[in-house]
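S.K.: What follows is a predicted protein model with its sequence.
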Amino acid sequence: MLDPDNKYYKPDWAPSENSESFAVRIMKAEEKKEPSESHASFVKKEYSVDDYVQGILSNNRTILAKAITLIESNSKKHFDISQQVLNKILPHSGKSIRIGISGVPGAGKSTFIENFGLFLINKGFKVAVLTVDPSSSITKGSILGDKTRMEKLSREQNCFIRPSPSGGALGGVTRKTRETILACEAAGYDVVIVETVGVGQNEIAVRSMVDFYLLILVAGAGDELQGIKKGVIEIVDAIMINKADSGNELKANAAKSEYESALRYQQPFTKGWKPKVITGSALFGKGIEDIWNLINDFINITKSNNFFEERRSAQRIEWMLSLTEDLLKIKFYADEEVKKSIQSFKVEILNNSISPSLAAESLIKVFFKSVSKTLS
Ligand SMILES: Nc1nc2c(ncn2[C@@H]2O[C@H](COP(=O)(O)OP(=O)(O)OP(=O)(O)O)[C@@H](O)[C@H]2O)c(=O)[nH]1
Ligand SMILES: [Mg+2]
C-alpha cells in the first residue's frame, strides 16, 4: 500500500486506472490548529502581583522566568510591578548559599559550573545559575549568547539558568542580579551561583552580593595574575587552579604554591576564614567535591562566628545606599532645570568665567530648588 496513513491523495486530474504507478501525489495539508488554551494564556495573560508571588513561591518556572523579565525590564511600569512582587517575596528569600565565580575568559567557569551544578543536583539540591556579562552594555549581550552553554545542566529540572542582560536603568546589572537572586531563593533554589567574567570592577560588584567568592584561574597562561587585578586576590575565599590535567598538573601545583604564599600575607576578606587554593579540572570533574567541602567548612565557620549574617546585613545596607546614589543621579540628570544649567555652565567653563567646582555647587542648588518647587 502506497499510503497506509492516508497522508496523501491523488490530484483530480490523475488517471483513475493504473493509479498505483502514477507518480504525482499531493500531501494533505495539516489541519489548522487553534492555539491551545494554555499557550494562549501564556502569551496573552497579564499576571497580577499575586499571580507572580504565588507562581514564584510554588516554583512555577514559567512565572519565575517572567518575573525575572520584569526585574530586568527598563520600563517604569515593569519596574513598579517587580518591586511590589519583590516586597512580597522578600520574607521567603535569603535561604540559599550564594556563590560568586569569576575568572578570565576561557578559564573554565562555565565548565566548572556545569559539573558542580550536576554534582549538587545529585546531592538533592536545587541550583540556580545567573551569568553576568560585564561587556554586555557595550556589546548588548552578544558575547554571552554562545558562552552560556551548560547543556547537561540546563536540561535538569532542578536547575534554573539565566543570563543577566545589559545594564540600563537604575542599578544596572547589579540591581537586576541581586533581585534575581532573591526571586530564585523564594522559588526554593538552595544554591545560587553568579558567574562573571573577570575584568576588575565586576568582581567587586559580585563580591558584594554573594557569601562565598571563588576565583578560577589557569596555570601556565603566562603572567601569573592573568589580567586579574591584584585587588581581586584580596577579596577571594578560594582560588581554583583549573585545567590541572593532560600534563598540566605540575604547573598547576606550582601556581597553587605561588598563590598560597601571596594569600598568606594578606588580611583575609572573610572574618575567621583563610582563603584556600586548590588545583582541579572542571572538565574531568577533579576538585568539584573539594570545592563543595570547602564551601561547607566556610558556611559552618562563618555561621558560628556570626559573620555570615553580619555580611548579609552589611550587603543589604550597602545596597540601599548605592541604589540611593544611582537614583539621585538619574533624577538629577533628568531634571529640566539642571539640563538647562549644565548647558550654560558648559559655556562659562570654556570661557573660564566660572570654576568647575563652583559650577558643580551651583548645579546642586539648581537641582534642590527645582525639586522643592515640584514638591510644593
Ligand atoms: N583541559 C581542560 N580544559 C578545560 C577545563 N575546563 C574548561 N576547559 C576548556 O576551556 C574552554 C573554555 O571553558 P569555559 O568553561 O567556556 O570557560 P569560561 O571561563 O566559562 O569562559 P568565558 O565564559 O568565555 O569567560 C572550553 O573549551 C573548555 O572545554 C579543564 O579543566 N581542563
Ligand atoms: Mg562562561
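M.R.: Thanks, I have it. Ligands and ions are numbered 1, 2, ... in the order given.
S.K.: any idea how far residue 181 lies from residue 100?
M.R.: In this view, residue 181 and residue 100 are 10 Å apart by C-beta to C-beta, to the nearest Å. Every C-beta, even on glycine, is put in place using the N, C-alpha and C of the backbone.
S.K.: Which one's more surrounded, the two?
M.R.: Higher neighbour count among residue 181 and residue 100: residue 100, with 28 against 22, using other C-beta atoms under 10 Å.
S.K.: From what I see, that one and residue 207 are in contact.
M.R.: Yes - using C-beta atoms under 8 Å, residue 100 is in contact with residue 207, at 6.2 Å.
S.K.: any residues in contact with both of these two?
M.R.: Listed as contacting both residue 100 and residue 207 by C-beta atoms under 8 Å, 6 or more residues apart in numbering are residue 213.
S.K.: can you pull out the helices in the stretch 1-150 of the chain?
M.R.: Using DSSP state H, counting those that start in this stretch, the helices of the stretch 1-150 of the chain run over residues 37-44, 49-57, 61-72, 76-89, 109-122, 136-139, 142-145.
S.K.: Nearest to ligand 1, out of those?
M.R.: helix 109-122 (3.4 Å; C-beta to the nearest ligand atom).
S.K.: Can you name every helix or strand that that closest one contacts?
M.R.: Secondary-structure packing of helix 109-122 (3 or more C-beta pairs under 8 Å, 6 or more residues apart in numbering; DSSP states H and E): strand 97-103, strand 127-132, helix 151-154, strand 191-197, helix 288-304.
S.K.: Quick one: these as a markdown table, columns for distance to residue 273 too.
M.R.: Listed next are the helices and strands packed on helix 109-122 as a markdown table, based on distance: least, C-beta to C-beta, whole Å:
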| stretch | distance to residue 273 |
| --- | --- |
| strand 97-103 | 14 |
| strand 127-132 | 23 |
| helix 151-154 | 28 |
| strand 191-197 | 19 |
| helix 288-304 | 6 |
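S.K.: Tabulate those (JSON lines), appending distance to ligand 2 and mean pLDDT.
M.R.: Shown next, in JSON lines, are these (distance: least, C-beta to the ion, whole Å; pLDDT from 0 to 100):
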{"stretch": "strand 97-103", "distance to ligand 2": "9", "mean pLDDT": "94"}
{"stretch": "strand 127-132", "distance to ligand 2": "7", "mean pLDDT": "92"}
{"stretch": "helix 151-154", "distance to ligand 2": "12", "mean pLDDT": "91"}
{"stretch": "strand 191-197", "distance to ligand 2": "6", "mean pLDDT": "90"}
{"stretch": "helix 288-304", "distance to ligand 2": "16", "mean pLDDT": "97"}
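S.K.: would you turn the ones you listed into a markdown table with distance to ligand 1?
M.R.: Shown next, in a markdown table, are those (distance: least, C-beta to the nearest ligand atom, whole Å):
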| stretch | distance to ligand 1 |
| --- | --- |
| strand 97-103 | 5 |
| strand 127-132 | 8 |
| helix 151-154 | 12 |
| strand 191-197 | 5 |
| helix 288-304 | 10 |
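S.K.: closest one to residue 53 among those?
M.R.: With C-beta to C-beta as the measure, strand 127-132 is the member of these nearest residue 53 (17.9 Å).
S.K.: which helices and strands does that closest one pack with?
M.R.: Against strand 127-132 (3+ C-beta pairs under 8 Å, 6+ apart) you get helix 109-122, strand 159-164, helix 172-186, strand 191-197, helix 201-207.
S.K.: separation between residue 51 and residue 63?
M.R.: Remark: distance between residue 51 and residue 63 (C-beta to C-beta) = 7 Å.
S.K.: And those two? Which one has more around it.
M.R.: Counted by other C-beta under 10 Å, residue 51 and residue 63 do not tie: residue 63 has more neighbours, with 21 against 16.
S.K.: residues touching the more buried one, list them.
M.R.: Applying C-beta under 8 Å, 6+ apart, the residues near residue 63 are 47, 51-52, 55-56.
S.K.: Residue of the stretch 251-376 of the chain closest to ligand 2, please.
M.R.: For the stretch 251-376 of the chain, the residue closest to ligand 2 is residue 282, as judged by C-beta to the ion, at 10.6 Å.
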